[in-house]
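Asker: Sequence and predicted model, in that order:
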Amino acid sequence: MADDALLTLIAGTLGIDPAEVSESSDMSNTRKWDSLRQIMLMTELETHFGFELSDEEMLETTSVAKIRSMLSARGVA
């Protein structure tokens, strides 16, 4: 997935402008990225890429960098 496409997907799920999402974005520094939106984001990633995340992955994948790493480990990005 192209860099901008992932950031756009994240922004869309969070309901914010894509310009507000960067490589350093995470739950602690991104507006609207709270626990409910985290679940929505993980569900959107599962739907978009066609795989299921474990509960542990959902809890730990709380930043753009961690999402990229998880996608890379699955051979998606």
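Answerer: Thanks, I have it.
Asker: Settle this for me: residue 23 is touching residue 64, isn't it.
Answerer: Yes. Residue 23 lies in contact with residue 64 (Cβ atoms under 8 Å); the separation is 5.5 Å. Every residue, glycine included, has its C-beta placed from N, CA and C.
Asker: who has more neighbours, these two?
Answerer: residue 64 (19 against 11; other Cβ atoms under 10 Å).
Asker: Near residue 15, how many other residues are there?
Answerer: 11.
Asker: Can you give me the pLDDT of the closest residue to it other than its chain neighbours?
Answerer: Among residues not flanking residue 15 along the chain, residue 32 sits closest, at 5.8 Å (Cβ to Cβ, 6 or more residues apart in numbering). The score at residue 32 is 96. That number is its pLDDT.
Asker: Just the element for residue 32, please.
Answerer: According to DSSP states H and E, residue 32 maps onto no helix or strand at all.
Asker: so what's it up against?
Answerer: 14-16 (Cβ atoms under 8 Å, 6 or more residues apart in numbering).
Asker: Those residues in helices, which ones?
Answerer: Among these, the ones falling in helices (DSSP state H) are residue 14.
Asker: so what's residue 41 up against?
Answerer: With Cβ under 8 Å, 6+ apart, residue 41 has these contacts: 10, 13-14, 33.
Asker: Quick one: residues in contact with stretch 65-77.
Answerer: 1, 6, 10, 23-24, 26, 45, 49, 51, 53, 57, 60-61.
Asker: how about the helices of the chain, start to end?
Answerer: Counting by DSSP H, the helices of the chain are 3-14, 35-49, 55-60, 64-73.
Asker: Tell me, how many residues neighbour the residue nearest to residue 8 when sequence neighbours are not counted?
Answerer: Residue nearest to residue 8 in three dimensions, not counting chain neighbours: residue 18, with 5.0 Å by Cβ to Cβ, 6+ apart. For residue 18, the neighbour count with other Cβ under 10 Å is 15.
Asker: picking that back up, which two of the contacts of stretch 65-77 have the greatest separation?
Answerer: 24 and 51 (25.4 Å; Cβ to Cβ).
Asker: So for these two, which residue has more residues nearby?
Answerer: residue 51 (13 against 10).
Asker: Please name the nearest non-neighbouring residue to that one.
Answerer: Here the residue nearest residue 51, using Cβ to Cβ, 6+ apart, is residue 74, at 6.3 Å.
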